[in-house]
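Enquirer: kindly return the folded structure for what I paste below:
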Amino acid sequence: MSGPRLYSEEEVTHQAYDIFLELAPNNLSEQDVEDFNEYREELGFIEEGEPDEQWQDFVALEIESELFVQVLVGLEFENEDVLFAKILISRDKDAPFCHILWKETEHAE
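Expert: Take a look at the predicted model:
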């Protein structure tokens, strides 16, 4: 019995980034989009890893770490990192899924 057909982590990370670029203008402030575009070449980061527990508060499905990847997109400044999006994306080629938590306009620390 064969399991699900999976994209590699690298493939889904690229997919997540493409989705981020497409949707960012509609979900981030104009200033955030300008900052990201200006600084992404030198300060931008894209990190992938296992989904954290926070996702269970936002999605109504069981998140199996081998089937999903969490992708973070942001800028890394000397004094602080700015996280623009936290993305949960499926690796399963037959069950596409993507959910994004966007940076809030007023971010309280």
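
Enquirer: where does the residue nearest the centre of the chain land in three-state SS?
Expert: For the chain, the residue sitting closest to the mean C-alpha position, by Cα atoms, centre = their mean, is residue 87 at 2.6 Å. The local conformation at residue 87, judged by DSSP: H, G, I helix; E, B strand; the rest coil, is strand.

Enquirer: who's in contact with the nearest residue to residue 59 once chain neighbours are set aside?
Expert: Excluding its sequence neighbours, the residue lying closest to residue 59 (Cβ to Cβ, 6 or more residues apart in numbering) is residue 99, at 5.6 Å. For glycine as for every other residue, the C-beta is placed from the backbone atoms N, C-alpha and C. Residues near residue 99 by Cβ atoms under 8 Å, 6 or more residues apart in numbering: 55, 58, 59, 87, 88.

Enquirer: residue 88 is in contact with residue 51, isn't it?
Expert: Yes: under the criterion of Cβ atoms under 8 Å, residue 88 makes contact with residue 51 at 5.7 Å.

Enquirer: joint contacts of the two?
Expert: With Cβ under 8 Å, 6+ apart as the test, residue 88 and residue 51 both reach 63, 68, 69, 70.

Enquirer: pLDDT averaged over stretch 94-102, what's the number?
Expert: Stretch 94-102 shows a mean pLDDT of 95.

Enquirer: list the buried residues of that stretch.
Expert: By neighbour count with 16 or more other Cβ atoms under 10 Å, stretch 94-102 contains the buried residues 98, 100, 102.

Enquirer: again with stretch 31-51
Expert: Result for stretch 31-51 [16+ other Cβ under 10 Å]: buried residues 32, 33, 35, 36, 40, 43, 46, 48, 51.

Enquirer: returning to that earlier point: in ChimeraX, select just the buried ones from the shared contacts of residue 88 and residue 51.
Expert: A single ChimeraX command is used to select the members of those judged buried by 16+ other Cβ under 10 Å:
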select :63,68,69,70
